[in-house]
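In: Take a look and give me a structure for this.
(2 chains)
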Number of protein chains: 2
Amino acid sequence: MEFKQQLKKYQEIINKELEKYIEKKDCPEKILNQSKEYSLMAGGKRLRPILVIATYELFSNEIEKCMPYAVAIELVHNFSLIHDDLPGIDNDDFRHGKLTNHKKYNEATAILAGDSLLNQAYIVISKDLCEDQENMQNKAKIMQEFANAIDKMILGEYIDTEYEKKEITSECLEYIHINKTGALLELCVKMGAMLANASDENIETLVKYSKNIGLAFQIKDDILSEEGDEKILGKPVGNDREKQKCTYVTKYGLEKSKQILEEITKEAINSIDKFGSKADFLKSLAMYIKDRNK
Amino acid sequence: MEFKQQLKKYQEIINKELEKYIEKKDCPEKILNQSKEYSLMAGGKRLRPILVIATYELFSNEIEKCMPYAVAIELVHNFSLIHDDLPGIDNDDFRHGKLTNHKKYNEATAILAGDSLLNQAYIVISKDLCEDQENMQNKAKIMQEFANAIDKMILGEYIDTEYEKKEITSECLEYIHINKTGALLELCVKMGAMLANASDENIETLVKYSKNIGLAFQIKDDILSEEGDEKILGKPVGNDREKQKCTYVTKYGLEKSKQILEEITKEAINSIDKFGSKADFLKSLAMYIKDRNK
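Out: Below is the predicted model of the structure:
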């Protein structure tokens, strides 16, 4: 199957699955549930759950077994977006070309919708944990990886916010990216591989791949923030410079950032060569991250 | 041991234990960790972890085995306080007589400190889950109870915020309390009892007790918000009326609220009579909730 087709297929599988986790009944908290649905269904690329599934599929075909984890990671990702957009943090009005959660609803709803999405992720995986006594030990370990990765993501976001207007070292910039974006992507491949009982060596290979595409993803984000098309991106361009935010582009300049992006994309692709044609999708995904325009 | 002594002993045990979970190393996220510590050590009553331990002690003496859960519940409680105090929700400047987290630090730090505390609770219990293969099934169930109770707490907070300025029915008021305050207290006794392998019947008895003290706690909070001593409470009095917030007092009036408080406290005490003198502390705790002045 062509990459774009496969990508679309994955996105459809995930969107259909996410629908099952959206509470639609008429209850006093109806608006809170609607606001969660609003953000969850606002048109994200589903990169994280796709990584879980595609990694899992390197080793096993029973993809329904990894779906709760694909869902959980997307819930967490959306929690982090909603909170990052809040007036007290990035104060963004638009995401995916739509009003951010607090703009569409209100701040209280956005804060609590974020809290609720983070916690719902744990509801989803603890339910799966309880229902699978045979693999409980493995799944308990995954739960622990999950919690530790989210911790890193939150502190990455904190440091990003804290250092926004400060001159920072390239070590610190890297520290932010490793935590804010990298930790969750690493978690995706780890979960996919662990759920399929992959060997430690294979898990390590995939972690290396995820580190590279994680960094590539962030650098590309920084590049798009500088020279992307506002209409395609769905959010204003040039904000980072205006806010004196420290990014790869403000630190290294556009050209050097693009060069780093090329190099680490190549590295990501080479690192998973050993999986042969089974890894074609993951290789194309690395290219896609580099070449995307939104 | 006298109740007050026992209460103090429990508080000391918990404070000492919580200290172990506070990250103090010098790192880029140092201030985030300090802000978490600030709220966590701001002088809370530790009612929730005490409930975990005291319930556990009805059935077993190895209290170190329930400590991770006592810690986790206090982390979650503090997450909820920090987020509730935010400008976008209750907009409170003081708690326990000290500046609220966002006033002491800033809004971004408070949002992320709350997120981090919620997630840390899952780090703590998933670590315990991984390390106890023998009781993994029971602990997986507890993890699920944990996640479901926090979900209720968040939606309770949402409805409370949403209905702040609206005329609501007594059913709705009860729904708010059951979720916002009750769910977490119920979780405390459930965790304590489940960790000690109590029978389903005993768990049910303790849940009944927790429901009553949960309601008592909320009604007493509402009464203190109306007629408490600002200096002792450490927060302004009369705010609820000013904000046209729907509480037991604004709904039923002071006298009727006090009468309900007396009745449900009696009910709570009677419900655990069957545990004999072992339940003395929990009985005194119900009285303490009713009679406290802060």
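
In: What distance do you get for the residue lying closest to residue A:60 once chain neighbours are set aside to residue B:30?
Out: Closest residue to residue A:60 apart from its sequence neighbours, by Cβ to Cβ, 6 or more residues apart in numbering or on different chains: residue A:196 at 4.1 Å. The way it works is simple: take the backbone N, C-alpha and C, and place the C-beta from them, glycine included. Using Cβ to Cβ, to the nearest Å, one obtains 39 Å as the distance from residue A:196 to residue B:30.

In: who has more neighbours, the two?
Out: residue A:196 (19 against 14; other Cβ atoms under 10 Å in any protein chain shown).

In: quick one: secondary structure of the most centrally placed residue in chain A?
Out: In chain A, the C-alpha closest to the average C-alpha coordinate belongs to residue A:48, at a distance of 4.5 Å (Cα atoms, centre = their mean). What DSSP: H, G, I helix; E, B strand; the rest coil gives for residue A:48 is helix.

In: shouldn't it be in contact with residue A:188?
Out: Yes. Using Cβ atoms under 8 Å, residue A:48 is in contact with residue A:188, at 5.1 Å.

In: and the stretch 151-294 of chain A, which of its residues are near chain B?
Out: With Cβ under 8 Å from any Cβ of the partner chain as the criterion, the stretch 151-294 of chain A meets chain B at residues A:151, A:154, A:155, A:157, A:158, A:159, A:161, A:162, A:163, A:172, A:175.

In: wait, residue A:58 sits on residue A:199?
Out: No. Counting by Cβ under 8 Å, residue A:58 does not reach residue A:199; the two are 11.4 Å apart.

In: Of these two, which one has the most company?
Out: residue A:58 (20 against 10).

In: Need the pLDDT of the residue lying closest to residue A:235 once chain neighbours are set aside.
Out: Once flanking residues are discounted, residue A:235 sits nearest to residue A:94: 4.9 Å by Cβ to Cβ, 6+ apart. Looking at residue A:94, its pLDDT stands at 92.

In: same question, the one 3 residues further on
Out: You'll see residue A:97 listed with a pLDDT of 87.

In: Can you tell me, leaving aside adjacent residues, what's nearest to it?
Out: residue A:234 (3.0 Å).

In: just residue A:166 next, same as before
Out: Leaving aside its chain neighbours, residue A:166 sits nearest to residue A:246 (7.2 Å; criterion: Cβ to Cβ, 6+ apart).

In: That neighbour belongs to a strand?
Out: No. According to three-state DSSP, residue A:246 belongs to no strand; its state is coil.

In: For it, give me phi and psi.
Out: Per-residue torsions, residue A:246: phi -80, psi 110 (degrees, to the nearest 10).

In: Please list all residues in contact with it.
Out: Residue A:246 sits next to A:163, A:164, A:166, A:167, A:168, A:172, A:173, A:176 when contact means Cβ atoms under 8 Å, 6 or more residues apart in numbering or on different chains.

In: Then residue A:214?
Out: Contacts for residue A:214 (Cβ under 8 Å, 6+ apart) come out as A:177, A:178, A:181, A:182, A:185, A:186.

In: again with residue A:244
Out: A:164, A:165, A:250.

In: So among those residues, which ones count as buried?
Out: Neighbour counting by 16 or more other Cβ atoms under 10 Å in any protein chain shown classes A:164, A:250 among those as buried.

In: Strands of the stretch 51-200 of chain A, start to end?
Out: A:94-95, A:98-99 (DSSP state E, counting those that start in this stretch).

In: got these as CSV, with mean neighbour count columns?
Out: Converted to CSV, the strands of the stretch 51-200 of chain A look like this (neighbours: other Cβ atoms under 10 Å in any protein chain shown):
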stretch, mean neighbour count
strand A:94-95, 18
strand A:98-99, 16
